[in-house]
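Mind folding the following:
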Amino acid sequence: MKILFLGDVVGRAGRAAVMDRLPRLRADWKLDFVVVNGENASSGAGLTAAHAKDLLSAGADCLTLGDHAFDQKDMLAFIEQEPRIIRPLNFAKGAPGRGHRLFTATGGRKVLVVQALGQVFMSRPYDDPFSAVDPVLKAHPLGGQAQAVLVDMHCEATSEKMAMGHWCDGRASVVVGTHTHVPTGDAQILPGGTAFQADAGMCGDYNSVIGMDKAEPLRRFVTGMSKGRFTPALGEATLSGLYVETDDRTGKALRVRMIRDGGRLEQSHP
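Predicted coordinates:
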């Protein structure tokens, strides 16, 4: 199966790039399943129902969220109506929506998508992601009910993302990190057959500070004072993500490649 994961979509520039380029990538690369992290797609914080519909219409089969899952208040109701949106498994007890779901890819094949929030350096305490993910993977063994399993680990620390990769090795097809908006250069297949990258990067303008217009972040770093809110940068966006090919029989990864499409970063193709 050919799977594409796109990292955090940031603001209008990121949305426009996904809407413009994903249909072409989906056709040219004959993709079977596409997951897009959309948690910064609306004004850089959260995802509105309207923008979720745009990303799904562009060719995403599933949208994952993150710690900003419900910053846009209409998502509280919309996530209950739209099963293709996944919020973190360990977000909060009683939160609307679901943290994992079994999707149907091309040819009737099944893909399990799971998302969890890390605990290290995060703005609020979340439940242990490892104990949250474990029973879901046990209930959906690779090569059984699910032909592929993808885990989106949304957190700050690369060490925690790496730990989740090894925790899931041999039990997931893909473990990919999100949240920090900076792509890491460690795409690999772990010993047990799980494709891994500590952070997929963002779909946004890289002439920025993690997708935000540079003026306000620089002011705060240099002076320690704020003058306004962060706003997403509006230059041409780069699509950043991870491309993985899996074995339908075992669910394990056969090939992995970092993706950089357009914008300021060098392009990379499967």
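
Identify the residues contacting the lowest-mean-pLDDT helix or strand in the chain?
None of the helices or strands of the chain scores lower by mean pLDDT, DSSP states H and E than helix 215-223, at a mean of 93. By CB atoms under 8 Å, 6 or more residues apart in numbering, the surrounding residues in contact with helix 215-223 are 209, 210, 225, 226, 227, 228, 229, 230, 231. Yep, even glycine has a C-beta here, placed from its N, CA and C like the rest.

what does the model give the last one for pLDDT?
Model confidence at residue 231, given as pLDDT, is 94.

Count the neighbours of the nearest residue to it once chain neighbours are set aside for me.
Nearest non-adjacent residue to residue 231, counting by CB to CB, 6 or more residues apart in numbering: residue 213, 5.1 Å away. Neighbour count of residue 213, defined by other CB atoms under 10 Å: 20.

Likewise for the one 5 residues further on?
Close neighbours of residue 218, defined as other CB under 10 Å, add up to 11.

residue contacts, the closest residue to residue 204 other than its chain neighbours?
Distances taken as CB to CB, 6+ apart put residue 10 closest to residue 204, at 3.2 Å, once the chain neighbours are dropped. The neighbours of residue 10, taking CB under 8 Å, 6+ apart as the test, are 40-41, 44, 181, 202-205, 210-212, 232-233, 237.

those strands in this structure, which residues are they?
Ranges of strands within the chain are 2-6, 8-9, 33-37, 62-64, 85-86, 100-104, 110-117, 148-154, 174-178, 188-189, 195-197, 202-203, 239-246, 253-261, based on DSSP state E.

Tell me the strands beside the fourth one, with direction?
Next to strand 62-64 in the sheet, as set by DSSP bridges, lie strand 33-37 (parallel), strand 85-86 (parallel).

any chance of the strands of the chain in TSV, plus distance to residue 24, mean neighbour count and mean pLDDT?
Below are the strands of the chain laid out as TSV (distance: least, CB to CB, whole Å; neighbours: other CB atoms under 10 Å; pLDDT from 0 to 100):
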stretch	distance to residue 24	mean neighbour count	mean pLDDT
strand 2-6	12	25	98
strand 8-9	17	32	98
strand 33-37	12	27	98
strand 62-64	19	26	98
strand 85-86	24	24	98
strand 100-104	22	16	98
strand 110-117	22	25	97
strand 148-154	22	28	98
strand 174-178	22	29	98
strand 188-189	27	16	98
strand 195-197	23	28	98
strand 202-203	14	32	98
strand 239-246	11	26	98
strand 253-261	9	19	97
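
ok so, going back, now for the contacts of helix 215-223: which two are most distant?
Farthest-apart pair in the contacts of helix 215-223 is 210 and 225; separation 19.6 Å (CB to CB).

Who has more neighbours out of those two?
Taking other CB under 10 Å, residue 210 and residue 225 do not tie; residue 210 has more neighbours (19 against 7).

which residues of the protein score low on pLDDT?
266, 268-269 (pLDDT under 70).

Kind regards, and thank you for your time.
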